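>>> just need the structure, nothing else, for what follows:
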Amino acid sequence: MVRRVPRTIISGPSSADLRMETLHGRGLTWAVTITMFCVTTAHTLDRAVVPAPRVLVDGAREFPWAVPVTWCLIVVLLIAVRFWS
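Got it, this is the predicted structure:
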């Protein structure tokens, strides 16, 4: 004979909690992915692994933070627009 357990005891987090947890995980994943892509690209440009114009290499060497910060700000703005629309 199987003993039935009341539903309130075995209930887990609500679907809203799971959605927020999933969104948080995705946001963190994308932030790390964007940053690592930009760092790796700047490194390969600096070491001349990929042929590129001198202006692009100098810009990547002088401002390595500009592209990932701009990219992440654009993603945050797109999320904000989607959230409030």
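>>> from here on, contacts and neighbour counts on C-alpha atoms
Will do.
>>> Pro51 in helix, strand or coil?
Three-state call for Pro51 (DSSP: H, G, I helix; E, B strand; the rest coil): coil.
>>> can you give me the neighbour number for the closest residue to it other than its chain neighbours?
Once flanking residues are discounted, Pro51 sits nearest to Leu45: 7.3 Å by Cα to Cα, 6 or more residues apart in numbering. Leu45: 20 surrounding residues under other Cα atoms under 10 Å.
>>> can you check Ala60 too?
If we define neighbours as other Cα under 10 Å, then Ala60 has 20 of them.
>>> what do you get for Cys38?
Residues within reach of Cys38, counting by other Cα under 10 Å, total 20.
>>> the chain should start at 135 in everything you say after this.
Sure, I'll start numbering at 135, so the last one becomes Cys172.
>>> and the closest residue to it other than its chain neighbours, what element?
Nearest residue to Cys172 in three dimensions, chain neighbours excluded: Pro202, at 6.1 Å (Cα to Cα, 6+ apart). Secondary structure from DSSP states H and E places Pro202 in helix 200-218.
>>> from the contact counts, what lies against that helix?
Packing contacts for helix 200-218, counted by 3 or more Cα pairs under 8 Å, 6 or more residues apart in numbering; DSSP states H and E, involve helix 149-180.
>>> name the next helix or strand downstream of the helix it packs on, please.
Remark: after helix 149-180, the chain's next helix or strand is helix 188-196, criterion DSSP H and E.
>>> for that next one, name the packing helices and strands.
Judged by 3+ Cα pairs under 8 Å, 6+ apart, helix 188-196 is in contact with helix 149-180.
>>> mean confidence (pLDDT) on the helix it packs on, please.
The pLDDT scores in helix 149-180 average 75.
>>> with stretch 195-215 instead?
87.
>>> who's in contact with that stretch?
Contact with stretch 195-215 is made by 165, 168-169, 172-173, 176, 180, as judged by Cα atoms under 8 Å, 6 or more residues apart in numbering.
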